[in-house]
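let me see the structure of the following:
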Amino acid sequence: MKILFTKANWERSERCVRDFVQLCLDSNYDGTEIYLPARTESMKEIREIHESAGLSIVSHIATEGTTVEDHLRSLERYYRQAVELQPLFVNSHTGKDYFSFADSLRIFTAGERLVAEHGIPLLHETHRGRALFSAPAAWAFLRELPSLRLTADFSHWVCVHESDLSDQPEAVEAALQAAQHIHARVGFHEGPQISDPRNPAHAPWLDLFTHWWQTIVDLRRAEQREWLTITPEFGPEPYMPLSGADLHPVGDAWEYNLWMRQHLRAHLLSQSYTPS
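Below you'll find the predicted structure:
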C-alpha cells in the first residue's frame with residue numbers, strides 16, 4: 001500500500017492555488033487538501049492546475065448555517081462542487097456538536113446518498129464543534145450508520161476529553177476501523193496542538209498518536225488498499241502557541257509538517273511502530 005502525503009494550505013492560505021500547488025510540488029508532496037469554500041478560483045481552474053502538476057486532490061469542505069436544513073443544503077452544494085475536481089475523496093467538517101443525534105444522523109445519511117449518486121467517497125472529520133466532536137458521539141453514529149467513514153484527527157478528542165482516551169477503548173477502536181484519512185497533528189490533554197513535535201517532552205503524546213496512525217495504516221493495508229492519505233496538519237496561530245508580549249509564534253507550522261512527514265515516512269512504512 002502506498003502512503004500519499006497531502007498538504008493543507010492552512011499556513012499558506014494567502015497564496016493563490018497555482019502558487020500553493022507549485023510549493024507542494026517543490027516540497028515533494030503527493031497532493032493537496034485545499035479548503036474549497038474559501039477559494040475564488042473555479043473548480044475547473046483548480047483541477048487543471050493539479051493535473052498539470054501531477055498532484056492528487058483531497059477536497060475539503062464544511063457544512064455551515066444556523067439550522068440543520070442549512071447544513072443539509074450546504075453539504076449538498078459543497079459536495080457537488082467538490083466532485084468537479086475529481087478528488088480522491090471529500091473531507092468534511094460536518095454538522096454541529098449541539099445538534100440532536102437524530103438531526104446529525106439526517107446530515108450523515110444525506111451524505112451517504114450523495115456518495116451513492118456520485119461515487120466519490122465522503123469522509124467526516126473528528127473535529128471539535130462538529131457532530132463528531134467526541135469519541136462517544138462518533139461511536140454512536142458508527143453503530144447506527146456503519147458505512148460512515150472518518151478523517152482521523154484525534155488531536156481534538158484528547159483535548160475534548162482531557163485524556164489519552166485509554167478509558168474509551170471501544171470508541172477509539174471503532175474510529176480506527178472507520179478511518180480512511182489521517183490528519184497528522186498531535187494534541188495533548190489540554191490542547192489540540194503540542195508546541196513542538198520534535199521536543200522530547202512531548203514524546204509520549206507523539207508515540208501515542210503514531211501508534212494510532214500505525215494501526216490505521218495496518219488496518220487499511222490488511223484490506224489491500226492501493227493507497228492511504230495523510231495530511232501533516234500542524235497549524236499556524238492561534239493553533240501555534242504564542243510567546244512574549246509581541247505574541248511571537250513558538251515555531252513554524254510548515255517546518256513542523258515537513259518534520260512530521262519525515263517522521264511518518266520513517267515509521268509507517270513498517271508493519272509495526274516502536275516508540276523511540
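
quick check: the gap between the residue lying closest to Glu144 once chain neighbours are set aside and His118.
Using CB to CB, 6 or more residues apart in numbering and skipping residues adjacent in sequence, the residue nearest Glu144 is Leu105, 6.2 Å away. All C-beta atoms are positioned from the backbone trio N, CA, C, and that covers glycine. The gap separating Leu105 from His118 is 21 Å, by CB to CB, to the nearest Å.

out of these two, which sits in the busier spot?
Leu105 (18 against 14; other CB atoms under 10 Å).

give me the element that one is part of.
helix 101-118 (DSSP states H and E).

from the chain's centroid, how far away is that helix?
Computed by CA atoms, centre = their mean, to the nearest Å, the chain-centroid distance of helix 101-118 equals 19 Å.

thinking again about what came up before, tell me the confidence at the residue nearest to Glu144?
Leu105 is assigned 98 on the pLDDT scale.

residues contacting it?
Contacts here follow CB atoms under 8 Å, 6 or more residues apart in numbering; on that basis Leu105 touches 141, 144-145.

show the model's pLDDT score for the residue nearest to Ile120 when sequence neighbours are not counted.
Computed as CB to CB, 6+ apart, the closest residue to Ile120 that is not its neighbour in sequence is Val83, at 4.7 Å. The confidence metric pLDDT takes the value 97 at Val83.

which helix runs longest in this structure?
If you go by DSSP state H, the chain has its longest helix at helix 203-222.

next, the angle helix 203-222 makes with the helix or strand immediately after that one in the chain.
Remark: after helix 203-222, the chain's next helix or strand is strand 227-232, criterion DSSP H and E. Between strand 227-232 and helix 203-222, the angle comes out at 160 degrees (axes from the mean of the first three to the mean of the last three CA atoms, to 10 degrees).

who does strand 227-232 touch, helix- and strand-wise?
For strand 227-232, the elements it packs on are strand 2-8, strand 56-62, strand 179-184, helix 203-222, helix 253-267, judged by 3 or more CB pairs under 8 Å, 6 or more residues apart in numbering; DSSP states H and E.

so where do the helices sit in the stretch 51-200 of the chain?
For the stretch 51-200 of the chain, helices defined by DSSP state H, counting those that start in this stretch occupy the ranges 68-83, 101-118, 135-144, 155-161, 169-178.

and those helices, which is most packed in?
For the helices of the stretch 51-200 of the chain, the largest average neighbour count (mean count of other CB atoms under 10 Å) is found in helix 155-161, namely a mean of 22.

that one - what's its average pLDDT?
98.

burial of the nearest residue to Ser243 once chain neighbours are set aside, as a residue count?
By the measure of CB to CB, 6+ apart, the closest residue to Ser243 outside its immediate chain neighbours is Val250, 5.4 Å from it. Look at Val250: counted by other CB under 10 Å, it has 13 neighbours.

over to Arg130?
Arg130: 21 surrounding residues under other CB under 10 Å.

quick one, grab the pLDDT at it.
Here the pLDDT value assigned to Arg130 is 98.

and what of Thr210?
For Thr210, pLDDT reads 97.

start and end of stretch 233-246, how far apart?
End-to-end distance of stretch 233-246: 25 Å, with CA to CA, to the nearest Å as the criterion.

and what of stretch 193-203?
Start-to-end, stretch 193-203 (CA to CA) is 13 Å.

can you point out the buried residues in that stretch?
By neighbour count with 16 or more other CB atoms under 10 Å, stretch 193-203 contains the buried residues 193-197, 202.

and the longest helix of the chain, what does it pack onto?
Counting contacts by 3+ CB pairs under 8 Å, 6+ apart, helix 203-222 packs against strand 150-152, helix 169-178, strand 179-184, strand 227-232, helix 253-267.

chain center to the shortest one: distance?
Taking the mean C-alpha point of strand 150-152 and that of its whole chain, the gap between them comes to 6 Å (CA atoms, centre = their mean).

partners of it, with directions?
Counting by DSSP bridges, the strands paired with strand 150-152 are strand 122-125 (parallel), strand 179-184 (parallel).

now do the contacts for the residue nearest to Ile120.
59, 90, 118, 120.
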